Each structure stands twice: as C-alpha cells, then as structure tokens.
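J.: for reference, the sequence and a predicted model appear below.
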Amino acid sequence: MTVLVVTGTGTEVGKTVATAAVAAVALAAGRTVAVLKPAQTGVGPGERGDADEVVRLAGHLTALELARYPEPLAPATAARRAGLPPVRPQEIADAARKLATEHDLVLVEGAGGLLVRFDDGDPDGGGDGEGGGGGGSTLADAARLLGAPVLIVASAGLGTLNTTALTAEALRARSLHPLGVLVGSWPQHPDLAAHCNLTDLPTVAGAPLLGAVPEGSGTLTGPTFRSRAPRWLAPALGGTWDATEAPVTGSR
C-alpha cells in the first residue's frame, strides 16, 4: 500500500503512538515515509502536535499538518469557534496523493474517531466530499476519495468490542476496507477482559488483529522506541508480532 489511513475508535486510544510505530517499522525496512495530520486541535502556534511526536518517536520522515486549531474539540467545531476555514476531504486527499508521489508510504492520521466531523457540511444540504446531506465530512470521506485501506486503533479493555464493531461497520457501509485492528495501548497488567478481547476483536471487526503497542510507549526515547516497535506489529505491518503469543507488556 502507498497510503494508509489511521483512525481510532475514539479519543485517547493511542492512535499517534500507533502511527509512529507503523512509521518506525517502515523506515527500518528502508521505505520513505510521510505522515499527514489533516487537522490538529488543542495545540497552539509553536507547540508540538501529533505529527511532531511521530517524528520524535519514529525518526526521519516528512510530517505535514494541514490545519491547526487551538481548542481541544472536534475539528469542525474547533475551526468554527476559531473563525478559521475547515479542512475538506478533497484537500486531505490531494495532500496525501502529492506525498505519495514522493514517498513509499503515507500515513494519514485522523482526529478522534472515524466519523468525527472536519467541516459542517453544506448549509443547503448538499454535503461535502462523499458525506452527503448537511452533516459534514469525515475522515471516511477522505479515505473514500483516496481508495485507501484503514487501520483501526482500538483500546484494550471493556467497551472496545462495541466501538471497534461500529467503526468496522461504518467503514464497510462506505465501501472502505478495514486493514485490521491494532491495540493502541496494551496495559502493563491486563485484566481478563483485555485478554479475551485479543480473541474477540478480530471477530467483531471482521479483520485481523495486527498487534498491540505497550502502554507508555510514547514516553520512550526515539532510539528505544524504534528498536522495540517491530515486536509490537504483525508481519502485515512489517513487524514480528505473533498473534498466538501474549503481547509485550511494559514500555521500559
């Protein structure tokens, strides 16, 4: 694949660190990598955003942010409140395609979950991109324009089966392909639910489990993160993780 869209089942599920792990493994394999963050919210001018964190952890790659809004809200809401233009799906697709002409892999990291709105849609009801209606456009619309597979980053514990199933269902309803599920933050001391979810996540998603990133991995130094990342990802993502074995725990 040249373009991979990375979405979460919600906020704070480890999406940025998961993106960095995928990038680090690809770079180690000799591929050129770019990360595209369409909309960064909750970060002020001059502050480090998610794309900067991917660079810190993964190493030398191209990072591009299309828009930045100061309040930690959904992109459409943050843009409206800041009086700034929203990001449209076509802009995201165009930027990703341009990066793909210059890189082997482009990772498009969304904001929050799959259906978080990037804009408010057409007030006349025409919609934007592939969204239809006046409800606003989402990362799914950009993925459709790109024809790109989508990696679902999910949490480990209770509640993750429902949000993962809903995300996969929303993808298929839009003729999008869920590449697989990656647990974004595998706990140091996993409980029974987390262990059972390793079996159940691929079932509810209808897509393979592609690894588990240990909790706290985002606190590692770049070199340490890069040396350990292959153990967290399945071969489909370039790593060595074995789904028949227990995930690695601990970030240190």
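T.: Done, it's in. Only a predicted model underlies this, so the values are computations on that prediction, with no experimental measurement involved. Numbering: from 1, shown residues only.
J.: tell me which stretches of this structure form strands.
T.: 3-8, 33-41, 62-69, 105-113, 150-154, 178-186, 209-214 (DSSP state E).
J.: and the ones you listed: which comes nearest residue 54?
T.: Comparison of these against residue 54 by C-beta to C-beta identifies strand 33-41 as nearest, at 4.8 Å. Quick note: C-beta positions are derived from backbone N, CA and C, even for glycine.
J.: give me the below-cutoff pLDDT ranges for the stretch 51-200 of the chain.
T.: 122-134 (pLDDT under 70).
J.: which parts of the stretch 101-250 of the chain are helices?
T.: 139-146, 160-173, 192-205, 222-228 (DSSP state H, counting those that start in this stretch).
J.: got TSV for those, with distance to residue 30 and mean neighbour count too?
T.: What follows is these, written out as TSV (distance: least, C-beta to C-beta, whole Å; neighbours: other C-beta atoms under 10 Å):
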stretch	distance to residue 30	mean neighbour count
helix 139-146	24	25
helix 160-173	30	19
helix 192-205	29	16
helix 222-228	14	16
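J.: look at residue 85 and say how many residues are nearby.
T.: The number of residues packed near residue 85 is 10, by other C-beta atoms under 10 Å.
J.: give me the number of neighbouring residues for the nearest residue to it once chain neighbours are set aside.
T.: Excluding its sequence neighbours, the residue lying closest to residue 85 (C-beta to C-beta, 6 or more residues apart in numbering) is residue 79, at 6.7 Å. Using other C-beta under 10 Å, residue 79 has 24 neighbouring residues.
J.: also the one 5 residues further on?
T.: Other residues near residue 84 number 13, with proximity taken as other C-beta under 10 Å.
J.: what of residue 1?
T.: Residue 1 has 12 neighbouring residues, counting by other C-beta under 10 Å.
J.: tell me, how many residues neighbour the residue lying closest to residue 155 once chain neighbours are set aside?
T.: Excluding its sequence neighbours, the residue lying closest to residue 155 (C-beta to C-beta, 6+ apart) is residue 13, at 4.7 Å. Residue 13 has 25 neighbours, counted by other C-beta under 10 Å.
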